[in-house]
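Novice: build me a model:
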Amino acid sequence: MATKIFVNLPVKDLDKSKEFFGKLGYTFNPQFTDEKAACMVISEDIYAMLLTEPFFKTFISKEITDTSKSTEMLICLSADSREQVDELYEKAVAAGAKTPRDKNDMGFMYNVSFEDLDGHTWEIMWMDPAAIQG
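Specialist: Numbers count the residues shown, from 1 in each chain. Sure, this is the predicted structure:
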């Protein structure tokens, strides 16, 4: 059995976050979605649990990071092509994402970043398979 990852993210407005990520093409597993949390399916083994801030606080002993002042993490997802990177980025911007920096094109690797409605930073990257092999 493959290891699965569940990235847990605090959100201010669960419905708006679900709408935002739905516009990017992601779906939600209804079995693990209610008024406090939504299980966003990224792939067969990757999920983002969007948790309302009050619910998220029940799992931690520290304060929630103020993403307007600090970056708590970078969530990087791979894409199959440069075009797929641009497509997802354009959907995110159209849905209301902020763009913290310009696209990064190193030839063999191409990536972009966006901040979701709660300031969480997502990176979408493509790497030339030939570069990976050596």
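Novice: counting by contacts, list what the longest helix out of those in the chain packs against.
Specialist: For the chain, the longest helix by residue count, based on DSSP state H, is helix 82-94. In this structure, helix 82-94 makes packing contacts with strand 109-115, strand 121-127, judged by 3 or more CB pairs under 8 Å, 6 or more residues apart in numbering; DSSP states H and E. Every C-beta, even on glycine, is put in place using the N, C-alpha and C of the backbone.
Novice: in its sheet, what does the last one sit against?
Specialist: The partner list of strand 121-127 in its sheet, established with DSSP bridges, is strand 74-78 (parallel), strand 109-115 (antiparallel).
Novice: next, the angle from it to helix 82-94.
Specialist: Here strand 121-127 runs at an angle of 160 degrees relative to helix 82-94 (axes from the mean of the first three to the mean of the last three CA atoms, to 10 degrees).
Novice: what comes into contact with strand 121-127?
Specialist: Contacts made with strand 121-127 from outside it, assessed by CB atoms under 8 Å, 6 or more residues apart in numbering, are listed as 71, 73-82, 84-85, 88-89, 92, 100, 108-116.
Novice: going through those residues, which ones are buried?
Specialist: 75, 79, 82, 85, 88-89, 92, 110-116 (16 or more other CB atoms under 10 Å).
Novice: could those go into a markdown table alongside distance to Phe55 and pLDDT?
Specialist: Converted to a markdown table, these look like this (distance: CB to CB, whole Å; pLDDT from 0 to 100):
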| residue | distance to Phe55 | pLDDT |
| --- | --- | --- |
| Ile75 | 20 | 97 |
| Ala79 | 31 | 97 |
| Arg82 | 38 | 96 |
| Val85 | 32 | 98 |
| Leu88 | 27 | 97 |
| Tyr89 | 29 | 97 |
| Ala92 | 24 | 98 |
| Tyr110 | 36 | 97 |
| Asn111 | 31 | 97 |
| Val112 | 30 | 97 |
| Ser113 | 27 | 97 |
| Phe114 | 25 | 98 |
| Glu115 | 22 | 97 |
| Asp116 | 18 | 98 |
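Novice: go through these and say which is closest to Tyr47.
Specialist: Closest approach to Tyr47 among these (CB to CB): Ile75, at 11.8 Å.
Novice: sounds good, over and out.
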